[in-house]
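Trainee: coords please:
(one chain, ligands or ions: 1)
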Amino acid sequence: MDKFFTPPIKEVDKEGKALYAPYSLRKIEASLVTNGITDVAVIQPERLEKVVSDKTKVIGVSVHDPLGLDPVTFKLSLLFGGGKSWLEQFFEELGDVISRLKKRYNFKVIAGGPGAWELTKSRPDWLDVLFLGEAEIRLPEVVKSLLKGEPVPPIVKGKDPKAEQIPPILGPTRWGEVQVTRGCPRGCSFCSITPETFRSVPLETIKREVEVNLKGGIKNIDFITDDILLYGSSKLRVNHDALVKLFTEVKRMGVDGIFWPHISAPAVRESPKTVQAIAEVAEYDFDRSVMPVVGLESGSLKILEKYMPAKAFPWTPREWGEVIIDATSIMNDNYVYPCYTMTIGYKEETDDDVQDSIDLVQKIIDHDFTAWIFPLPVIPIFTTRIKDNPFPVLDRLPSRYWDLLYVSWTYNMKTTRKLAPRLAGKGLTGKLVKFMIDRVFSSIEWFFRDLKESKGRKTLEFSTVNVNNTLGTIRAIVELSKLSFKKESS
Ligand code: SF4
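Mentor: Below is the predicted model:
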């Protein structure tokens, strides 16, 4: 895992600070520096032991999914019999290092970030302050108090800054990340992004951050947003001119590729000309296609109306099926291949509701679109309106979930093979990815069929496989190799 999928960022500057860092850490760095706390260093977790000393007063950790409760991690763990995810394992290992260093140097530790809510469920004993929410306004105050030795509550809630109170980053980011919007006004109940907080970042700030990345040698820019078509919008209407200006001005700065992680189907359907315009400016084609995560969520009117009534705006939940089909067609015409995510397992969701979802997925398949579909168990995130819902477990998922999973998996494999030349990339990792696509993933269709037929009980067979030690890893590799040749010999 370390070598292939999470190789450490090795580059450091003359002072030993990370040359490239996740965007969230760059934002924290900028917030502290602009508030007068200038002795700040962004450090790779692997280098902590080399860098921390008796001069270190506070360590801040940004967490994305420390306990493996994120919907994707949770689903994959569930499918393979439960147990600890790699993310949890990595977080524990980092915790051991921090704990050891803390005993020696007696600094304070703050954790925050998108996965900070998970630590309310199980708080590590080395943690002094758990910071929930956006950092710009309150975090500098907290750090100043810690530096002065003043008491700070164990949990601090952030306050949302206005767009112009967000300082631009000072150093380049991993993958050239630059935030263009924050928040989302659609207000889905299961989502931690609350509707009151939507902001578009001023174009001047965006361009300054693009410049910082270009100076750092990064040519491809990845816009951070929950929906690229929200940029510059008011009351959820697409702002065509603002988007074309954003893409055109950033491209003109000498940027090679412009990518983004999220878009919403209703906005695509509302303004196909905007999707076409930004695709032309960014010069998308098959080899430079975009694969954003797009919320498909459910095909059930009952679930859509109860949990996400504004999801389809400017259309109604009743029109959701047509919105998805039209939007997929528009996206594909412009080299945008959506990774649709679905949320399944609401407390009143029945097999009939899941059947509605299967029907919608089948329509996508019948149109032969290029898309992926990932039905994920809905997670009651602590900061959402469904926080009191039960956590999904095998026995509580509607039994037709496994049919939906099977239909989606077989379609996903078809899409993956179609896009394999774009996905595999170059070098050793590219070869490994291609091998996984050609031999391993293509050969385990029977596994998803077994899951479907056993209504998920098959997952329990995998609960004894442990890849956190050498013997377990060798066993897993042998099993994977057997799988990869099973299809050929059968
Ligand atoms: S549309 Fe997406 S980002 Fe916006 S509230 Fe709903 S789930 Fe969250």
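
Trainee: return the residues in contact with the closest residue to residue 325 other than its chain neighbours.
Mentor: Computed as Cβ to Cβ, 6 or more residues apart in numbering, the closest residue to residue 325 that is not its neighbour in sequence is residue 363, at 6.0 Å. For the C-beta atoms, the positions are set from N, CA and C on the backbone; glycine is no exception. Under the criterion of Cβ atoms under 8 Å, 6 or more residues apart in numbering, the neighbours of residue 363 are 321, 324-325.

Trainee: and the residue in the stretch 251-400 of the chain that the ligand sits nearest to, backbone torsions?
Mentor: Of all residues in the stretch 251-400 of the chain, the one sitting closest to the ligand is residue 295 (4.7 Å; Cβ to the nearest ligand atom). Dihedral pair for residue 295: phi -80, psi 110, per degrees, to the nearest 10.

Trainee: thought it was touching residue 267?
Mentor: No - the pair residue 295 / residue 267 is not scored as a contact, 11.4 Å apart, by Cβ atoms under 8 Å.

Trainee: the ligand contacts on this protein?
Mentor: Contact residues (Cβ under 6 Å from any ligand atom) of the chain with the ligand: 184, 186-188, 191, 193, 226, 264, 295, 311.

Trainee: so in this structure, where's the weakest helix or strand by average pLDDT?
Mentor: Across the helices and strands of the chain, mean pLDDT, DSSP states H and E gives its lowest value to helix 470-489, namely a mean of 57.

Trainee: quick check: the nearest residue to residue 131 once chain neighbours are set aside vs residue 237, distance?
Mentor: In space, and not counting its chain neighbours, residue 131 is closest to residue 112: 3.6 Å by Cβ to Cβ, 6+ apart. Distance of residue 112 to residue 237, computed by Cβ to Cβ, to the nearest Å: 33 Å.

Trainee: ok, now residue 435?
Mentor: Taken as Cβ to Cβ, the span from residue 435 to residue 237 is 46 Å.

Trainee: for the closest residue to the ligand within the stretch 1-150 of the chain, which residues are in contact?
Mentor: Closest residue of the stretch 1-150 of the chain to the ligand, Cβ to the nearest ligand atom: residue 71 (11.0 Å). Applying Cβ under 8 Å, 6+ apart to residue 71 gives the contacts 341, 343, 376-379.

Trainee: what is the neighbour count of the closest residue to residue 22 other than its chain neighbours?
Mentor: Among residues not flanking residue 22 along the chain, residue 174 sits closest, at 5.4 Å (Cβ to Cβ, 6+ apart). By other Cβ atoms under 10 Å, 15 other residues sit near residue 174.

Trainee: try the one 10 residues further on
Mentor: Each residue near residue 184 was counted by other Cβ under 10 Å, and the total is 22.

Trainee: pretty sure it sits against residue 200.
Mentor: No - contact status for residue 184 versus residue 200: not in contact, 11.7 Å apart, counting by Cβ under 8 Å.

Trainee: between these two, what contacts are shared?
Mentor: residue 230.

Trainee: looking at the contacts of residue 363, which one is closest to residue 135?
Mentor: residue 324 (35.2 Å; Cβ to Cβ).

Trainee: element containing that closest one?
Mentor: Residue 324 is part of helix 320-333 when elements are defined by DSSP states H and E.
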